[in-house]
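[1] have a look at this fold, sequence not included:
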């Protein structure tokens, strides 16, 4: 199997960009090498429509003309997709929580609300509710990407104070206590919180590119295993800013000695067993038919609202969209998906009938956690 990866919505560290609020990855998976085996097919499309390459954004007015040709080659080769969608507003909130509420660094933060995923989601939901998006954006851009450590510390303290000023908005006293303890400790001990990195490569790991890349690799690995199709080569569209980081992630994931499963708190765990021993190539899209095709498909799916609104004027593009959606496996790091997941988890917990013994056991566990928390000097 051959995989081709393209992206859209790159605004660097500017998560507040209102024109491109979402970063999107798309991987096209094919059993043939599109760059070699489709040479005649693609050249015929070029000749037929008097173009020199396929490009979604630059050819948005003529995609309807060749959409049926693209759909035909997708169907003929049983092409499938996976997409990784990162909403920049939600990423800003997630990075805020992930940095400040890390109980390993922050002695005021609780173990259970950082290391146990359901509790982590509930507390992140509470934090989102009292934190204006402007604060989350400020933290993301001016703290995590600060030019100096002093700047990062200044922004960290300012943001924590701003959030503390809204703590009264929480109706749950326990949440108030947990969030207040973590924020207060961070304000008093800002240098203990890792916010500033001297190397650009370490700061880049916060970018939507990197956050969305691992889920993409995981979905590709699962697809490969499901269809019993070994991944021969992964071709990624050239992106100068993050080439080094993405290549390094693939290098680690493809190492036979690397664990098959990576467990990350932000989004759960990633299965990467089928990425091992794969070739990873970064190319200019002009040199890859596969990248040009996935570019068109990514453009179509990220503009589906427009296509559905004008589907009678864009029948060929609509059919192409339908195929992509039918054969696409999405990963969503968005506020709406997070809220849905949190709601379902809450309902599952609340609907579970607990005996008195279960309740007593739970109360005892929480009490033991709090005792250990205080004994370690996490709350003075």
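    Received, thanks. Since we're looking at a predicted model, the values are computed, not measured.

[2] in this protein, which ranges drop under the pLDDT threshold?
    Applying pLDDT under 70 to the chain flags the ranges 201, 240-245, 253, 258-269, 375-380.

[3] outline the domain layout of this structure.
    2-84+210-331, 89-200+336-375 (automatic domain parsing).

[4] reformat those as JSON lines; add mean neighbour count.
    Where C-beta positions appear, they are placed from N, C-alpha and C, glycine not excepted. Shown next, in JSON lines, are the domains of the chain (neighbours: other Cβ atoms under 10 Å):
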{"stretch": "domain 2-84+210-331", "mean neighbour count": "17"}
{"stretch": "domain 89-200+336-375", "mean neighbour count": "16"}
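
[5] partners of residue 85 in the sheet?
    Counting by DSSP bridges, residue 85 is bridged to residue 24, residue 332.

[6] touching, it and residue 330? I think so.
    Yes - if you go by Cβ atoms under 8 Å, residue 85 and residue 330 touch, sitting 6.4 Å apart.

[7] residue 206: what's it in contact with?
    13, 95, 140, 144-145 (Cβ atoms under 8 Å, 6 or more residues apart in numbering).

[8] any idea which of the residues you listed is the one closest to residue 346?
    Using Cβ to Cβ, residue 95 comes nearest to residue 346 of these, at 23.3 Å.

[9] hang on, isn't that closest one packed against residue 139?
    Yes - the criterion here is Cβ under 8 Å, and residue 95 meets it with residue 139 at 7.4 Å.

[10] quickly find the element holding the most centrally placed residue in the chain.
    Nearest to the geometric centre of the chain sits residue 212, at 3.4 Å (Cα atoms, centre = their mean). Using DSSP states H and E, residue 212 falls within helix 208-226.

[11] same question for residue 5, what's its three-state structure.
    Put simply, residue 5 is strand when judged by DSSP: H, G, I helix; E, B strand; the rest coil.

[12] quickly list what it is bridged to.
    residue 27, residue 236.

[13] identify the residues contacting it.
    25-28, 216, 234-237, 291, 294.

[14] save the residues you listed as CSV, and put in distance to residue 106 too.
    Formatted as CSV, the contacts of residue 5 follow (distance: Cβ to Cβ, whole Å):
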residue, distance to residue 106
25, 31
26, 37
27, 36
28, 42
216, 30
234, 37
235, 41
236, 35
237, 38
291, 42
294, 41
